[in-house]
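Q: need coordinates for the below:
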Amino acid sequence: MAEVDPQLADAWQRMMALFFSRRDAFFAELATLQLTPPHGHALMTLHDGPVRMRDLADSMACDASYVTAVADRLEQLGFAERRNAPDDRRVRELVLTAKGTKVAQRLRRVFSEPPDAMQALPAADRTELLRIMSSLGEPAVDGWLPTRSLR
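A: Next up is the predicted model:
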């Protein structure tokens, strides 16, 4: 294994601390809604439109029975509903209700809002940070971390 550059290791640890601060804020917001992280994942994934139950299970790396339990809770709270897929009545998909859409938007804001330390950066540093981060890879999609295509 190659030796790690100490400066890169330090930068990576600092980036992870920033990420975990947002993750913790996201988890705290979920707790106020009496939801778990898988519920949050489902809500934010559904924000982009209906998703087949099987595809949601794949994106969450779990089995269909677990997604059924997640869907049950979201339906119980009035955040989502199951319906037949328009192209195949045998296939069920999950779709957000108006109430669920508001919650998903709220969760996306909490998760994607930059930490205070980043917001305090001078404009020139923000520009440089964006330049560097842009050279490292693709951005998140609408403030949510991409997994794989569900369409």
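Q: tally of neighbours for residue 22?
A: Number of residues near residue 22 (other CB atoms under 10 Å) recorded here: 16. C-beta: built from backbone N, CA, C; applies to glycine.
Q: counting by contacts, list what the longest helix seen in the chain packs against.
A: If you go by DSSP state H, the chain has its longest helix at helix 6-32. Where contact means 3 or more CB pairs under 8 Å, 6 or more residues apart in numbering; DSSP states H and E, helix 6-32 is packed against helix 37-46, helix 98-112.
Q: the longest strand along the chain pairs with which strands?
A: In the chain, with assignment by DSSP state E, the single longest strand is strand 88-96. Applying DSSP bridges to the sheet, strand 88-96 is found paired with strand 51-52 (antiparallel), strand 80-85 (antiparallel).
Q: pLDDT averaged over the shortest one, what's the number?
A: The one in question is strand 51-52. The average pLDDT for strand 51-52 rounds to 94.
Q: next one: stretch 94-113
A: For stretch 94-113, mean pLDDT rounds to 94.
Q: do stretch 56-66 as well
A: The average pLDDT within stretch 56-66 is 92.
Q: low-confidence stretches in the protein?
A: 139-151 (pLDDT under 70).
Q: now do the buried residues in the longest strand of the chain.
A: By neighbour count on 16 or more other CB atoms under 10 Å, the buried set for strand 88-96 is 92-94, 96.
Q: check stretch 59-79 too.
A: Across stretch 59-79, burial judged by 16+ other CB under 10 Å covers 59-60, 67, 70-71, 73-74, 77, 79.
Q: need the max-distance pair from those residues.
A: The span of the buried residues of stretch 59-79, defined through CB to CB, is set by 59 and 77 at 20.5 Å.
Q: no further queries at this time; thank you.
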